[in-house]
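Asks: when you get a sec, could you give me coordinates for this:
(4 chains)
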Protein chains: 2
Amino acid sequence: MYDILRKYIDRVTSAVITDEEFVYIEQAFDVRKVKRKQFLLHEGSVCRYMSFIASGAMRQYSIDNSGNEHITTLALEGWWISDRGSFYNVTPSRYNIDAVEDSTLLVANLERINLLKEQSLTFLKMAHILDQNHSIAAQKRIEASVSYSAEEKYNYLVQAHPEFFNRFPQSMLASYLGLTPETMSRVRKQVLSR
Amino acid sequence: MYDILRKYIDRVTSAVITDEEFVYIEQAFDVRKVKRKQFLLHEGSVCRYMSFIASGAMRQYSIDNSGNEHITTLALEGWWISDRGSFYNVTPSRYNIDAVEDSTLLVANLERINLLKEQSLTFLKMAHILDQNHSIAAQKRIEASVSYSAEEKYNYLVQAHPEFFNRFPQSMLASYLGLTPETMSRVRKQVLSR
DNA sequence: AAATGCAGTTGATCCAGATCAATTGATTTA
DNA sequence: TAAATCAATTGATCTGGATCAACTGCATTT
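Replies: The predicted structure follows:
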C-alpha cells in the first residue's frame, strides 16, 4: 500500500529513500478508503488532510454564485489531493473534494506533515518539488483558460492527460476545461471529424 | 538594498534570520537595475534568474496564437518574479518579463539557488512557503477566471490588490484579468456609478 | 508650441460559447 | 426487469464580452 508512495518520492526527488527514513513517512500516513461519491472535504470546513491517492480517482470543485460547478482538479492514483490554502492556513475551504471511483488514500494531517518535514529532509524536498510542480501546472492552466479557444482547450487535454478520457465522464472533463457539456460534445465531434 | 529581502524572509518564515545565515543569502544574490520597458526575459529563452523586486514594478506576459498579450503576473517591490517552469526545468519560456517602472532586482541563478537551499535551511523553508503561496494564489486566479463575470473580476482586483490601480495602467489590469481594455473601461464606469 | 503617440472612453456590431429544450441510450437502483 | 437517473447528443436561440472604429485628452518628443 505504501509502495506507490515510496516510488513516487524516489521519482520526484531523483533519489532512493532509505528504509529508516521511510519509516517516518509510513508512520505519518493513515490508510483511508473512500467509496465513489463519498466526500473528503465539504465547502465551508477546513481541509484537514494532505492525501496521496494510492488507487482510484478524485475531483475537487467549487460552486459559483449561479450554482454552477467548476472542477478545479482531477486526480488519479499517484497524485496528491488537498486544498493547500485551507490546509496550510487552517481556514475554511471554498471547495468540495469527492471520489469519482472507489479510492484508497494515504492521509496525514497538518501536525504530522509538519513533523515529518522536520524528521525527513527527503520529505521536505518532496513537498517543495510538489508545490513547485503544482504552481507550474497552475500557471499553465491560467494561461490555457484565458488564451485558448474551446477547441484548443480540448486538444490540450487530449495531449496533456489522455488517461482522463477513460477515467472521468465527459461532463467532468468539460467542467475541468471551463466549458459546458454541450460545447464539449460539439467540440469533440468537430475534432474527431478531421 | 538587501534589507527588504531580509525582512521578507523573516516575515514569511515567522523567524528572525541570523547574521551568519544571511551572509549566504547576500552572497547568492546580485543587484541588478532595469529601466522601464527593459526586458528580463524574452519568450523562447530560458529564464535564468529568480528575481526579488527590491523596488519597482514588473510584469510577465505571453502572446497567444492571435497575437494578443495576456499578462499572467503583475509584481511590485517585495515580490518575486520568475518563470518557475522554465527556471527549474531549464526549458525555453513562453513568457516575456519586462519592467513597468525602473526597478532594482536581487537576482540569483539556478546553481546559486540550489546551493543556497543546501546552505540555508531558512532559505529552503522560505522557497517552500513561496511556492505554496504561489500555488494557492494560482488556484484562486484559475477559479476567478472561470467562475467570475467581468464585473466580479474587477471587484476582486479592487479588494485583493488596490495598490495595483496606482502603479499599473488600466489596460494592463484589463489584460491581467483577461478582459479587453474596452470592457475594463465599461465595467469601471458601471461599478463607480453605484 | 507643434507634432506624435499612447491610454482611456464611447458607440455599433459581431460571435463563440452559454442556455434552454427535447431525444436517446446507458447505468444504477429497487 | 422495470423504473428512475444520469450522460451524451443535437437543435434553436440568446448574450456577455470581443472586435472594430472614431474621438479626446495627456504626455513625450522635436
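Asks: now whatever residue of chain A ends up closest to chain B: which helix or strand?
Replies: As assessed by Cβ to the nearest Cβ, chain B sits closest to residue A:138 within chain A, at 3.2 Å. Heads up, the C-betas are built off the backbone N, CA and C, glycines and all. Applying DSSP states H and E as the criterion places residue A:138 in helix A:121-147.
Asks: isn't the residue of chain A closest to chain B right next to residue B:136, touching?
Replies: No. Contact between residue A:138 and residue B:136 fails when scored by Cβ atoms under 8 Å: they sit 9.1 Å apart.
Asks: show me which residues of chain A sit near chain B.
Replies: Within reach of chain B by Cβ under 8 Å from any Cβ of the partner chain, chain A has these residues: A:62, A:64-65, A:68, A:70, A:72, A:84-85, A:88, A:94, A:124, A:127-128, A:131-132, A:134-136, A:138-143, A:145-148, A:152, A:178.
Asks: next up, the contacts around the closest residue to residue A:26 other than its chain neighbours.
Replies: Once flanking residues are discounted, residue A:26 sits nearest to residue A:2: 5.3 Å by Cβ to Cβ, 6 or more residues apart in numbering or on different chains. Counting by Cβ atoms under 8 Å, 6 or more residues apart in numbering or on different chains, residue A:2 touches A:22, A:25-26, A:29, A:106.
Asks: just the pLDDT for residue A:2.
Replies: With respect to pLDDT, residue A:2 has a value of 94.
Asks: equivalent analysis for residue A:137, please.
Replies: So, for residue A:137, pLDDT stands at 89.
Asks: tilt between the helix or strand of chain A with the lowest mean pLDDT and helix B:121-147?
Replies: Least confident helix or strand of chain A, by mean pLDDT, DSSP states H and E, is helix A:121-147 with a mean of 89. Using axes from the mean of the first three to the mean of the last three Cα atoms, to 10 degrees, the inter-axis angle of helix A:121-147 relative to helix B:121-147 is 30 degrees.
Asks: up against DNA strand C, what does chain A have?
Replies: A:66, A:68, A:149-151, A:178-180, A:182-183 (Cβ under 7 Å from any atom of the strand).
Asks: same list, these, but only the ones touching DNA strand D.
Replies: residue A:182.
Asks: drop anything exposed from the residues of chain A next to chain B.
Replies: Among these, those classed as buried by neighbour count (16 or more other Cβ atoms under 10 Å in any protein chain shown) are A:62, A:70, A:72, A:84-85, A:88, A:94, A:124, A:127-128, A:131-132, A:134-136, A:138-139, A:141-143, A:145-148, A:178.
Asks: joint contacts of residue A:138 and residue B:136?
Replies: Counting by Cβ under 8 Å, 6+ apart, nothing touches both residue A:138 and residue B:136.
Asks: which residues in chain A form strands?
Replies: Using DSSP state E, the strands found in chain A span residues A:30-34, A:39-41, A:50-55, A:57-63, A:69-76, A:80-81, A:96-99, A:103-108.
Asks: let me have those strands in a markdown table, extended by mean pLDDT.
Replies: Shown next, in a markdown table, are the strands of chain A (pLDDT from 0 to 100):
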| stretch | mean pLDDT |
| --- | --- |
| strand A:30-34 | 96 |
| strand A:39-41 | 95 |
| strand A:50-55 | 97 |
| strand A:57-63 | 94 |
| strand A:69-76 | 94 |
| strand A:80-81 | 96 |
| strand A:96-99 | 95 |
| strand A:103-108 | 97 |
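Asks: could I get the ones you listed as CSV with distance to DNA strand D?
Replies: Below are the strands of chain A laid out as CSV (distance: least, Cβ to the nearest atom of the strand, whole Å):
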stretch, distance to DNA strand D
strand A:30-34, 18
strand A:39-41, 15
strand A:50-55, 20
strand A:57-63, 12
strand A:69-76, 11
strand A:80-81, 20
strand A:96-99, 12
strand A:103-108, 17
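Asks: find the nearest non-adjacent residue to whatever residue of chain A ends up closest to DNA strand C, please.
Replies: Scanning chain A for the residue nearest DNA strand C gives residue A:183, at 3.1 Å (criterion: Cβ to the nearest atom of the strand). Leaving aside its chain neighbours, residue A:183 sits nearest to residue A:150 (5.5 Å; criterion: Cβ to Cβ, 6+ apart).
Asks: surely that neighbour touches residue A:187?
Replies: Yes. Residue A:150 lies in contact with residue A:187 (Cβ under 8 Å); the separation is 5.1 Å.
Asks: could you chop chain A up by domain?
Replies: Using automatic domain parsing, the domain ranges for chain A come out as A:1-126, A:136-194.
Asks: output those domains as JSON lines; include the columns distance to residue B:110.
Replies: Listed next are those as JSON lines, based on distance: least, Cβ to Cβ, whole Å:
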{"stretch": "domain A:1-126", "distance to residue B:110": "15"}
{"stretch": "domain A:136-194", "distance to residue B:110": "15"}
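Asks: quick check: which of those domains is nearest to residue B:165?
Replies: Closest approach to residue B:165 among those (Cβ to Cβ): domain A:136-194, 20.5 Å.
Asks: okay, and the beta partners of residue A:53?
Replies: Judged by DSSP bridges, the bridge partners of residue A:53 are residue A:105.
Asks: what's the answer for residue A:69, then?
Replies: Beta-bridge partners, per DSSP bridges, of residue A:69: residue A:63.
Asks: near it, how many other residues are there?
Replies: Applying other Cβ atoms under 10 Å in any protein chain shown, we find 14 residues neighbouring residue A:69.
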